[in-house]
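[1] structure here, sequence nowhere to be found:
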């Protein structure tokens, strides 16, 4: 059973930065693409960013492109989301997820089968 645990959320002012981390259990982390998603109150969950299993390819939602950076450290079984120039509309619970199938790219959007419990990000105006 794979477990994903997010951390790094918190309260930050507009224009500030946060770095989210997602630690994964299991020895095959490096073989799977990973994604970050978010869900704001009253809204559906939306895609934020994804990274291929090798880390060579990354993908972003238009709303965060140029402000957020996804990366991974396969030696530490961890994927990161660096968030800069945060805006109030970035306020949401952020989730990491693992692609269902091994290897392959993170685009087109794949099916994700394991999800973390989420970490709250609140950006004050």
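    Nice, thanks for sending it over. Keep in mind that what you see is a predicted model, and the values were worked out from it rather than measured.
[2] chain neighbours aside, what residue packs nearest to residue 64?
    Nearest residue to residue 64, sequence neighbours excluded (Cβ to Cβ, 6 or more residues apart in numbering): residue 48, at 5.8 Å. To be clear about C-beta, it is placed using only N, CA and C from the backbone, and glycine gets the same treatment.
[3] what helices or strands is the helix or strand in which that neighbour is found leaning on?
    Residue 48 belongs to strand 46-51 when assigned by DSSP states H and E. Using 3 or more Cβ pairs under 8 Å, 6 or more residues apart in numbering; DSSP states H and E, the elements in contact with strand 46-51 are strand 34-39, strand 58-60, strand 68-73, strand 78-83.
[4] in this protein, where is pLDDT below threshold?
    Applying pLDDT under 70 to the chain picks out no residues at all.
[5] all strands for it, in order.
    Taking DSSP state E to define them, one finds strands in the chain at 4-7, 10-13, 18-24, 34-39, 46-51, 58-60, 68-73, 78-83, 92-99, 112-115, 119-124.
[6] by how many degrees do the fourth one and strand 119-124 diverge?
    Meaning strand 34-39. Orientation check (axes from the mean of the first three to the mean of the last three Cα atoms, to 10 degrees): strand 34-39 against strand 119-124 gives 50 degrees.
[7] about what we covered before: the residue nearest to residue 64 and residue 79 touch, don't they?
    No: when contacts are counted by Cβ atoms under 8 Å, residue 48 is not listed as touching residue 79 (11.7 Å).
[8] joint contacts of the two?
    With contacts defined as Cβ atoms under 8 Å, 6 or more residues apart in numbering, the residues shared by residue 48 and residue 79 are residue 36.
[9] for the residue nearest to residue 64, give its distance to residue 17.
    Separation of residue 48 from residue 17 (Cβ to Cβ, to the nearest Å) stands at 15 Å.
[10] which of those two has more residues huddled nearby?
    residue 48 (24 against 11; other Cβ atoms under 10 Å).
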